[in-house]
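Student: using only what follows, build the 3D model:
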Amino acid sequence: MKALATSPAARGLEDDAAILEFGDETLVLTHDTMIEGVHTLAGQDPADVAWKLVAVNLSDLAAKGAKPVGVLISHMLGTDDHRFVTGLGEILARYDVPLLGGDTVRGDGQRVWGCTAIGRATHRPVPSRGGARPGDKVYLSGRIGYAMLGLEALRDDTDQDDSAYRRPQPQLELGQDLAPHVSAMMDVSDGLLLDASRIARASGVTLSFDSVPLSGLAPEGRLDEAIRWGDDYVLLCTGPAGLDETLAVTCVGEVRARADHDVLLDNEPPTGDLGYTH
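Tutor: Numbering: from 1, shown residues only. Model (predicted):
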């Protein structure tokens, strides 16, 4: 598919969104699809499905420092469609995002939903994955691994907090605040290590993490799982020293000249899978 994406707006399909110059504005466009039983639990409340469908797209806009203009929703009809509408209304109201259109379909088998989010860049150049440079610091804008705990709680029907998995909170305002200062930025959706490797490859560098600050952001005793699990939708970015003094991020490592590995943890390459891939 990359061979077809020849427009500069596509950024070679190496980024979280398309960046389209449109008159005096720069538009940011992104699309995500969710599949029942893959991105959600089978039988999960459709209100939560709708929330997460929009949230993951807004998170991509956040990673570009973009302000949402609106969304288009594709919904596969089934049972409890009114609950999907309820959840959709809740997240659109929460983030003041207009519904611009979309489609509804009916079919057999696993249900599928899609969302296209349109945003307006608040800073140019729009952050990409490809700007990290040796000497930059690596920052994380929140906790990791708590969506993992939320899935376990929801799956096992316990009384533990499952909201991090069901209803992630896209960091739109923080993304806009970070955009003028970062050299690279993306959200953590497929696992911290895997997403960090994407910044590393796009930038031609190595990202080195320190487990000490990371352990303060992960569930106790489960750091190794947390850095690979994903669904956290916090922002991972690189930039100058001191960003953590003025913005809500934690310094978790540094950018080094390109080495033999994309990422390092305590100066050693991590073993095993780095995160979730299809």
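Student: ok, His75 - contacts?
Tutor: 81, 84, 102-105, 113 (C-beta atoms under 8 Å, 6 or more residues apart in numbering). C-beta here means a position set from N, CA and C on the backbone, and glycine is covered the same way.
Student: if we use 6 Å, what do you get?
Tutor: Going by C-beta atoms under 6 Å, 6 or more residues apart in numbering, His75 touches 104, 113.
Student: residues in contact with the longest helix seen in the chain?
Tutor: What stands out as the longest helix in the chain, according to DSSP state H, is helix 46-62. Here helix 46-62 makes contact (C-beta under 6 Å, 6+ apart) with 16-17, 28, 30, 32, 34, 40, 68, 71, 80, 83-84, 86-88, 91, 113, 115, 117, 119, 166-168, 170-172, 175, 187, 233.
Student: send me that helix as CSV with only the CA atoms.
Tutor: Only the C-alpha atoms of helix 46-62 are listed here, as CSV (Å, rounded to 0.1, in the frame of the first residue of the first chain):
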residue,chain,number,x,y,z
PRO,A,46,-21.5,-0.7,23.0
ALA,A,47,-21.4,2.6,24.8
ASP,A,48,-17.8,1.9,25.8
VAL,A,49,-17.1,0.7,22.3
ALA,A,50,-18.3,4.0,20.9
TRP,A,51,-16.3,6.0,23.4
LYS,A,52,-13.1,4.1,22.7
LEU,A,53,-13.6,4.2,18.9
VAL,A,54,-13.6,8.0,19.0
ALA,A,55,-11.0,8.3,21.8
VAL,A,56,-8.3,6.4,19.9
ASN,A,57,-8.7,8.7,16.9
LEU,A,58,-8.6,11.8,19.1
SER,A,59,-5.5,10.5,20.7
ASP,A,60,-3.8,10.4,17.2
LEU,A,61,-4.8,14.1,16.8
ALA,A,62,-3.4,14.8,20.2
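Student: buried set for it?
Tutor: Of the residues in helix 46-62, 46-62 count as buried by neighbour count, 16 or more other C-beta atoms under 10 Å.
Student: now swap in stretch 172-186 and tell me
Tutor: Buried residues in stretch 172-186 (16+ other C-beta under 10 Å): 172, 174-179, 181-186.
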